[in-house]
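> how does the following fold in three dimensions:
(chains A and B)
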Amino acid sequence: MGRKILLVEDDSDTAAYLARGLAEQGHVVDQAADGRDGLFLASEGSFDLIILDRMLPGLDGLSVLRALRAAGVGTPVLILSALGTVDDRIEGLEGGSDDYLVKPFAFSELNARANALFRRADGAASAAVETRLTVGDLEVDLLGRTVRRAGRAIELKPREYRLLEYFARNAGRVVTRTMLLEHVWNYHFDPGTNVVDVHVSRLRRKLEEGFERPILHTVRGAGYRLAAD
Amino acid sequence: MGSRVPTTMRIAALAAFLALLSNLAVLGFIHLRTHDDAFDVLRQRATEEARALDDVYRSGGRTALDDAIRGTLDAGDSQIMIAIVDTEGHPVAGNIAGPLPPVARKATDFAIAQLRQADRPRVPVEAGIVVRPLGAHYILVSARSFGERLAFQRLLEHSLLLALFMSLLFGAICGLVTARYVGRRVRAIADVVDEVGEGDLARRAPIGGSGDAFDALSARINRMLDRIGLLMGELRLLTDSLAHDLRSPVGRLRARVERALMLTDEVQRDAALGGVLAEADGLTRILTTVLEIGRTEAMASRRQFAWVDPTELVCELAEMYEPLAEEKGVTIELDAKAPLFPLMAHRQLLAQALSNMLDNALTYAGSGGRMTLFARQDEEALRLGVGDRGPGIAEADRAEARRRFGRLDSSRSTPGAGLGLALVDAVAHLHDGWLDLADNEPGLCAVIVLPRKAKGRGGTA
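Have a look, this model is predicted:
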């Protein structure tokens, strides 16, 4: 399912690398090399996602973002930036962006975050309040906060439940460690150790022990994926 | 720069004006006390005497006039001077010695002239003088010499006028000198600032030793320059050590890429490339942390401060690290029972600092089997910290431990860039607190001490 993506990035190498990667994922990519062109194209409002570099010639990324939001354009925006301190990230998020990714980054990380944004936009568009998430034989009851697999109840601690809920909302898609840190723990720093991995493997043990088929997969070099296959 | 000359001129003008004003006051006072109507009286009498003699001449002719002159002179008024003068200025009668100055021959109205008396021709006296024509060839000069008092008064008035002029002159000179002096001292300081601005950081503003305002200004500027120099030095040291410390991870990265290039087996090459990625990520992490420390130390993060519940924070971190600790065979004991006051803090950075401390404890003291994460509070401070049962840090090494890139293990065999405690230290400073490294007997107890009343906020010298 191809999406229309606007890529605003002045570094031609990065832009080419991203455009190729996104095209391989089946998306249509429009490009702009400076803030003014970016704002002009983005104002059309016909994109599913805007990937916006923060340091741009002409008009900087945060200004473009503010101008867009002021003009009522609600297209999801993912900011790319070499400014990576905690405050920079918070500033970017508070400036109206939907996600923030620090350079240098892995393409898999960008792809995972872009997919999460698409899904969120779709969810908002369908407007239906989800009460139950199903992934294969796994069922997550969002109201009762209970989890069953193949009809058998699985006991989870609150944090494990939140982890699983985030996985389930992004079922079938890659979720990275930093995405988990940001959304499950609300921390915008990198602890450097495998804190998240240990939490995930605990969750996995609970989900998979006594069942034949694995359901929480490790995607090497990228993150994790909750899927039935 | 452009306003410097006008300022000098303004100071000079002001000094001259003030000198003039003070002199004017003194002179005015003297004038007021000494001046009286003696001069007006003299003028009146001289005019009257001239008219009287003129009347005599008109009614009785030259003979009657000569008689009248003689009579008047004989009366004994020493101030009266009368002469009949020919057109060349030579007296033919009377008690005035000739020749008369030209002004004395033209004054039909009242004038003042230097005259000499016939019996004392060496001593000129000032006199009020009135002249009347006597036919075509002679004139009548009727004068009244100034008395001693009037002469003194005239002298005083002339002196006062001179003094006024001098005061104006000296005032202007004094002002110019002052302005030049001030300008020179300001310029000396400005020159130093310029030179420092151009890159010569060793220059310092001159201090005369008199302890005046200029010296105080110089001293302050010098203190600022010292601080700038220190910061530049630190920055250079940091950049140098950053370059040095990035050398080894970059070297490792390079080695891995080379090894990957030589591999022909695809599975092995993939594994090697995975290692390359991990190495690159580690490098990025080091850079991010260094930037984070710099940013935190610059106190730029205070905008993000919000109320944080310390109990909630340590509980969250304990929960976050519990599985990892369990995997390493360590139990984390949580000590945050008492209800604690909320704290105005940067939640992200505080959490990161605690996470670094937990990480350190797990890395260096993981074998200890037990560690404590605590949040305690007394009257003075809130203490957030981690105590472990590992080998601890010897007292002599503690300063090194909190330094950027400070590594206690000189062989650098354990992973890590030595930035962990440096960031904790910076975060503690951001919150007006400090990092305390103490002996946990055995083990290390690393504590972020946050004073309840931040006395130093904004006021540290």
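> just the helices in the stretch 201-350 of chain B please.
B:213-262, B:266-297, B:310-327, B:347-365 (DSSP state H, counting those that start in this stretch).
> and the second one with chain A, contact?
Yes: legend: contact between helix B:266-297 and chain A by C-beta under 8 Å from any C-beta of the partner chain is shown at B:Gly274, B:Leu277, B:Ala280, B:Thr284, B:Arg285, B:Leu287, B:Thr288, B:Leu291, B:Glu292, B:Arg295. Every residue, glycine included, has its C-beta placed from N, CA and C.
> could you check that helix and say which residues are buried?
For helix B:266-297, a neighbour-count test (16 or more other C-beta atoms under 10 Å in any protein chain shown) marks B:272-273, B:275-276, B:279-290, B:292-293, B:295-297 as buried.
> what is that helix packed up against?
Using 3 or more C-beta pairs under 8 Å, 6 or more residues apart in numbering or on different chains; DSSP states H and E as the contact criterion, the secondary-structure elements in contact with helix B:266-297 are helix B:213-262, helix B:347-365, helix B:420-430.
> how about the last one?
Here helix B:347-365 touches helix A:86-94, helix B:266-297, strand B:306-308, helix B:310-327, strand B:370-377, strand B:381-388, helix B:420-430, strand B:444-451, going by 3+ C-beta pairs under 8 Å, 6+ apart.
> which strands or helices does the fourth one pack on?
Looking back up the chat, that one is helix B:310-327. helix A:195-208, strand B:331-335, helix B:347-365, strand B:370-377, strand B:381-388.
> now with 10 Å, please.
Using 3 or more C-beta pairs under 10 Å, 6 or more residues apart in numbering or on different chains; DSSP states H and E, the elements in contact with helix B:310-327 are helix A:158-169, helix A:195-208, strand B:331-335, strand B:343-345, helix B:347-365, strand B:370-377, strand B:381-388.
> residue ranges for the helices of chain A, please.
Assigned by DSSP state H, the helices in chain A fall at A:12-24, A:35-42, A:61-70, A:86-94, A:107-126, A:158-169, A:177-180, A:195-208.
> with only the CA atoms kept, save the first one in PDB.
Okay, so that is helix A:12-24. The C-alpha trace of helix A:12-24 is given here as PDB (Å, rounded to 0.1, in the frame of the first residue of the first chain):
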ATOM      1  CA  SER A  12      21.300  15.400  -1.600                       C
ATOM      2  CA  ASP A  13      23.000  12.200  -0.500                       C
ATOM      3  CA  THR A  14      20.600  11.700   2.400                       C
ATOM      4  CA  ALA A  15      17.700  12.700   0.300                       C
ATOM      5  CA  ALA A  16      18.600  10.200  -2.500                       C
ATOM      6  CA  TYR A  17      19.200   7.400   0.100                       C
ATOM      7  CA  LEU A  18      15.800   8.100   1.700                       C
ATOM      8  CA  ALA A  19      13.900   8.500  -1.500                       C
ATOM      9  CA  ARG A  20      15.200   5.200  -2.800                       C
ATOM     10  CA  GLY A  21      14.500   3.400   0.400                       C
ATOM     11  CA  LEU A  22      10.900   4.800   0.600                       C
ATOM     12  CA  ALA A  23      10.300   4.000  -3.100                       C
ATOM     13  CA  GLU A  24      11.400   0.400  -2.400                       C
END
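> show me which positions of that helix end up buried.
Going by neighbour count (16+ other C-beta under 10 Å), the buried part of helix A:12-24 is A:Thr14, A:Ala15, A:Leu18, A:Ala19, A:Leu22.
> now the angle from it to helix A:107-126?
Using axes from the mean of the first three to the mean of the last three C-alpha atoms, to 10 degrees, the inter-axis angle of helix A:12-24 relative to helix A:107-126 is 60 degrees.
> by contact count, what packs against the helix-or-strand element of chain B with minimal mean pLDDT?
Taking mean pLDDT, DSSP states H and E as the measure, chain B has helix B:102-106 as its least confident helix or strand, at a mean of 72. The contact analysis (3+ C-beta pairs under 10 Å, 6+ apart) places helix B:102-106 against strand B:80-86, strand B:110-117, strand B:120-134, strand B:138-145.
> can you list contacts of that helix?
Residues from elsewhere that reach helix B:102-106, judged by C-beta atoms under 10 Å, 6 or more residues apart in numbering or on different chains: B:83, B:85-89, B:96, B:98-99, B:111-115, B:127, B:129, B:131, B:139, B:141, B:143.
> make TSV from the buried residues of helix A:12-24 and add distance to B:Leu334 and pLDDT to it.
What follows is the buried residues of helix A:12-24, written out as TSV (distance: C-beta to C-beta, whole Å; pLDDT from 0 to 100):
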residue	distance to B:Leu334	pLDDT
A:Thr14	44	88
A:Ala15	48	91
A:Leu18	44	91
A:Ala19	49	92
A:Leu22	45	92
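> quick one: which of the helices and strands packed on helix B:310-327 is nearest B:Ala202?
Ranking the helices and strands packed on helix B:310-327 by their distance to B:Ala202 (criterion: C-beta to C-beta) puts helix B:347-365 first, at 36.7 Å.
> and the residue nearest the centre of the chain?
Assuming you mean chain A. The residue lying closest to the centre of chain A (C-alpha atoms, centre = their mean) is A:Arg113, at 2.4 Å.
> my guess is that residue contacts A:Val102, does it?
No: judged on C-beta atoms under 10 Å, A:Arg113 makes no contact with A:Val102 at a distance of 11.5 Å.
> between the two, what contacts are shared?
With C-beta under 10 Å, 6+ apart applied, the overlap between the contact sets of A:Arg113 and A:Val102 consists of A:Thr178.
> and stretch B:363-383, how far out from the chain's middle?
Relative to its chain's centre, stretch B:363-383 lies at 49 Å (C-alpha atoms, centre = their mean, to the nearest Å).
> just the mean pLDDT for that stretch, thanks.
What stretch B:363-383 shows for mean pLDDT is 82.
> got the CA positions of it in CSV?
What follows is stretch B:363-383 as a C-alpha-only set of coordinates in CSV (Å, rounded to 0.1, in the frame of the first residue of the first chain):
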residue,chain,number,x,y,z
THR,B,363,28.3,-2.8,35.0
TYR,B,364,31.0,-2.3,37.6
ALA,B,365,29.4,-3.9,40.7
GLY,B,366,27.0,-6.5,39.1
SER,B,367,28.6,-9.3,41.0
GLY,B,368,27.6,-7.8,44.4
GLY,B,369,24.2,-9.4,44.2
ARG,B,370,22.4,-6.5,45.8
MET,B,371,22.0,-2.8,45.1
THR,B,372,19.8,0.0,46.5
LEU,B,373,18.0,2.7,44.6
PHE,B,374,16.9,5.4,47.0
ALA,B,375,15.1,8.7,47.3
ARG,B,376,15.6,10.2,50.8
GLN,B,377,14.7,13.5,52.2
ASP,B,378,15.8,15.5,55.2
GLU,B,379,15.6,19.2,56.2
GLU,B,380,18.5,20.1,54.0
ALA,B,381,18.3,18.1,50.8
LEU,B,382,16.6,15.5,48.7
ARG,B,383,19.0,12.7,47.9
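> picking that back up, so for chain A, which of the helices and strands packed on helix B:102-106 sits nearest?
Between chain A and these, the shortest gap by C-beta to the nearest C-beta is with strand B:110-117, which sits at 86.8 Å.
> closest one to A:Gly123 among the helices and strands packed on helix B:310-327?
Minimum separation from A:Gly123 across the helices and strands packed on helix B:310-327 (C-beta to C-beta) falls at helix A:158-169, 7.9 Å.
> tell me the angle of the closest one relative to helix A:107-126?
Note on geometry: by the same axes, to 10 degrees, helix A:158-169 and helix A:107-126 are set 80 degrees apart in direction.
> does helix A:158-169 come close to chain B?
Yes: shown here: helix A:158-169 in contact with chain B (C-beta under 10 Å from any C-beta of the partner chain) through A:Pro158, A:Arg159, A:Glu160.
> partners of A:Leu216 in the sheet?
Beta bridges link A:Leu216 to A:Leu226 when assigned by DSSP bridges.
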